[in-house]
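In: model the structure of this input:
(one chain, ligands or ions: 1)
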Amino acid sequence: MTIESPAGQSSAGQSSAGQRHRVVVVGGGFGGLNAVRELADADVDVTLVDRTNHHLFQPLLYQVAAGILSPGLIAPALRGIVKNQANARVLLADVKELDLEAKVVHATGPDDRPLDLPYDTLIVAAGATHSYFGKDEFAEFAPGMKTIEDARFTRDAILSKFEMAEEAADPAERAEWLTFVVIGAGPTGVELVGQIAELAHSVLPRDYRSINTRDARIVLLEGAPSVLPPFDKKLQAYTHRQLEKMGVEVHTNSLATSMDHESITFKSPEGEQTIRARTRIWAAGVAASPLAKQLAAKAGLETDRAGRIPVNPDCTVAGHPEVFAIGDMVSLNKLPGVAQPAMQEGKYVGKVIKKRLAGEKDTAPFKYFDKGSMATIGYRSAVADAFKFKVTGVIAYAMWAFIHVLYLVGWGNRLLTLYQWLRNLVFTKNRNHRIITYSRAKKDINTGRIYKTGRLSAILPAVSRPDDLNRPLAVPTRPASETRSGA
Ligand SMILES: Cc1cc2nc3c(=O)[nH]c(=O)nc-3n(C[C@H](O)[C@H](O)[C@H](O)COP(=O)(O)OP(=O)(O)OC[C@H]3O[C@@H](n4cnc5c(N)ncnc54)[C@H](O)[C@@H]3O)c2cc1C
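Out: Residues are numbered from 1 along each chain as shown. As a prediction, the model looks like this:
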């Protein structure tokens with residue numbers, strides 16, 4: 001089915017077919033959404049196509065995984081975001097092929113119906129997916145976190161392990177349920193272990209009767225010599241110290257070599273070690289969306305090691321001035337795969353399109369404004385490297401909170417997020433979003449997941465010692481004095 005743009009009335013931006021200039025944007029993430037918004041006052045018809053119906057604020061995914069924020073706060077509906085932008089419409093579809101010759105995007109709707117989207121200008125902003133550095137078999141045992149489903153899965157996976165530990169009688173088995181291994185000590189890995197440590201040490205201790213959740217073993221593995229590899233050395237050292245204070249076991253220069261549903265083996269300068277752990281979370285690598293490779297092949301270009309397509313200084317694809325590629329899926333001026341380049345490129349591309357329609361031929365190349373980087377470690381503790389200042393502790397935490405709330409989409413979401421954080425900081429250490437069910441817990445415990453092209457593509461059959469799970473309960477109870485002692 002061919003989807004034509006809604007009929008426009010103006011003539012300034014007319015396409016060759018006599019219609020208003022048609023802009024198709026693939027991906028409603030940081031890059032795509034900023035391009036769409038920049039085009040709000042342009043004489044164009046914009047079609048935003050995404051395989052989710054929401055814009056996802058990925059930097060706060062770990063807070064969903066930790067039960068702090070509800071998914072809706074960081075994933076507002078795209079349709080709602082552009083509801084007042086009359087020249088834009090949203091389609092829920094999976095883009096399969098970019099036909100650069102015919103200038104048509106081929107996608108499929110949720111019921112597999114083919115959708116053809118003709119364009120005059122194309123913006124591809126399809127982001128990135130997990131990379132297991134060639135060890136794709138790890139995906140089954142150590143799911144990553146890239147989508148809202150991933151974050152919910154991670155939350156359920158973490159919380160259900162405490163439930164299992166409460167039901168386990170054998171101390172060795174209980175220790176396995178209470179061991180959490182995160183692979184990758186970039187911001188996401190650091191933030192995740194920080195949150196698991198807070199859950200285990202501050203939030204959950206009073207909730208359980210048989211186990212002391214403070215016994216949880218939280219392990220962070222990093223292949224590089226330090227945590228937060230791209231950050232300043234002082235901030236790395238501070239982060240390492242803070243994590244250890246929080247009870248996180250940090251192993252740098254350590255590479256995961258194998259894993260299964262119950263253990264992980266890694267190699268470090270001290271040799272090879274195996275940790276018995278029922279939870280492994282992958283926070284190590286990303287690779288560009290497969291659409292980058294497709295686009296590169298069609299344009300006769302080579303992708304880099306991360307699968308990113310090189311683009312011209314104005315974000316166009318070589319030989320195709322009508323095709324822009326932006327964000328995590330492109331390599332441009334050695335910019336990192338973080339939100340700011342994607343957002344700024346999106347705005348820039350929107351402006352370039354408007355200038356072209358106004359008849360301007362020469363456009364200045366994209367220029368990145370570095371606003372710095374930051375990461376939280378745990379309760380009131382963060383690191384920030386911005387405008388030549390290196391800040392740690394509560395001040396960095398406040399800076400981080402301010403920036404993240406500022407960039408959330410929608411005032412309602414900003415206010416509710418602020419309320420949630422203040423409530424957690426000042427009044428309670430409880431987490432509001434700790435809902436798991438028997439069937440979710442069972443699924444997490446007995447199944448693995450495989451990612452292909454960044455999407456959940458298969459649920460595997462049970463492999464995890466079902467005999468143990470069916471064993472009659474013989475649950476020892478903690479002394480009442482210990483359960484009441486609090487955090
Ligand atoms: C857990 C996590 C934490 C992060 N923390 C930070 C942080 O603290 N600070 C920071 O600056 N950056 C952070 N990042 C990175 C940041 O989120 C990305 O750099 C940014 O999202 C890139 O924007 P983008 O527009 O290129 O891609 P995305 O925001 O990923 O958007 C891509 C969009 O394309 C859609 N899409 C992909 N393929 C298709 C297809 N075939 N058909 C239809 N739609 C498709 C996707 O559904 C998605 O909506 C984090 C990322 C993750 C995963």
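In: gap between the spatially closest residue to Phe133 that is not a sequence neighbour and Leu415?
Out: Computed as CB to CB, 6 or more residues apart in numbering, the closest residue to Phe133 that is not its neighbour in sequence is Gly285, at 5.6 Å. The C-beta positions use only the backbone N, C-alpha and C, and glycine is treated the same way. The gap separating Gly285 from Leu415 is 35 Å, by CB to CB, to the nearest Å.
In: ditto for Ile158
Out: The gap separating Ile158 from Leu415 is 27 Å, by CB to CB.
In: follow-up on the earlier one: wouldn't the residue nearest to Phe133 be in contact with Ala128 here?
Out: No: applying CB atoms under 8 Å, one finds Gly285 not in contact with Ala128, separated by 9.5 Å.
In: more neighbours: these two, which one.
Out: Set Gly285 next to Ala128 and count neighbours by other CB atoms under 10 Å: Ala128 wins out with 23 against 18.
In: okay, the more buried one: pLDDT?
Out: pLDDT, Ala128: 96.
In: that one bridge partners, please.
Out: Beta-bridge pairing of Ala128 under DSSP bridges involves Ala288.
In: OK, contacts around it?
Out: Counting by CB atoms under 8 Å, 6 or more residues apart in numbering, Ala128 makes contact with 146, 286-289, 306, 328-329, 337, 454.
In: and of those, the nearest to Gly67?
Out: The closest of the contacts of Ala128 to Gly67 turns out to be Lys146 (CB to CB; 18.7 Å).
In: distance check, that closest one against Ala297.
Out: 24 Å.
In: those two - which one has more neighbours?
Out: Each of Lys146 and Ala297 has its neighbours counted (other CB under 10 Å); Lys146 has more, 21 against 12.
In: the more buried one touches His130, doesn't it?
Out: Yes: if you go by CB under 8 Å, Lys146 and His130 touch, sitting 6.1 Å apart.
In: can you report how many residues lie near the closest residue to the ligand within the stretch 1-150 of the chain?
Out: Of all residues in the stretch 1-150 of the chain, Gly29 sits closest to the ligand, at 1.8 Å by CB to the nearest ligand atom. As a burial measure, Gly29 scores 26 neighbours (other CB under 10 Å).
In: does it touch Ile123 like I think?
Out: No: the pair Gly29 and Ile123 fails to qualify as a contact (CB under 8 Å) at a distance of 11.6 Å.
In: hmm, back to that, and the nearest residue to the residue of the stretch 1-150 of the chain closest to the ligand once chain neighbours are set aside, how far from Asn34?
Out: Spatial nearest neighbour of Gly29, excluding adjacent residues (CB to CB, 6+ apart): Gly127 at 5.0 Å. Distance of Gly127 to Asn34, computed by CB to CB: 13 Å.
In: and what of Asn84?
Out: Distance of Asn84 to Asn34, given as CB to CB: 16 Å.
In: the more surrounded of the two?
Out: Asn34 (24 against 8).
In: state the three-state secondary structure for that one.
Out: Classification of Asn34 using DSSP: H, G, I helix; E, B strand; the rest coil returns helix.
In: quick check: which element contains the nearest residue to it once chain neighbours are set aside?
Out: Nearest residue to Asn34 in three dimensions, chain neighbours excluded: Gly346, at 3.0 Å (CB to CB, 6+ apart). Gly346 belongs to helix 339-357 when assigned by DSSP states H and E.
In: quick one: buried residues of that helix?
Out: 339-354, 356-357 (16 or more other CB atoms under 10 Å).
In: which among the residues you listed are in contact with the ligand?
Out: Contacts with the ligand within the buried residues of helix 339-357, as defined by CB under 6 Å from any ligand atom: 339-340, 342.
In: how about the host helix or strand of Val391, which residues are buried there?
Out: Assigned by DSSP H and E, Val391 belongs to strand 389-392. By 16+ other CB under 10 Å, the buried positions in strand 389-392 come out as 390-392.
In: what's the spacing between the closest residue in space to Val227 that isn't next to it in sequence and the ligand?
Out: Leaving aside its chain neighbours, Val227 sits nearest to Ala185 (3.9 Å; criterion: CB to CB, 6+ apart). As for Ala185, its distance to the ligand is 13 Å (criterion: CB to the nearest ligand atom, to the nearest Å).
In: just the element for Ala185, please.
Out: In this assignment (DSSP H and E), Ala185 forms part of neither any helix nor any strand.
In: quick one, phi psi at it?
Out: phi -110, psi 40 (degrees, to the nearest 10).
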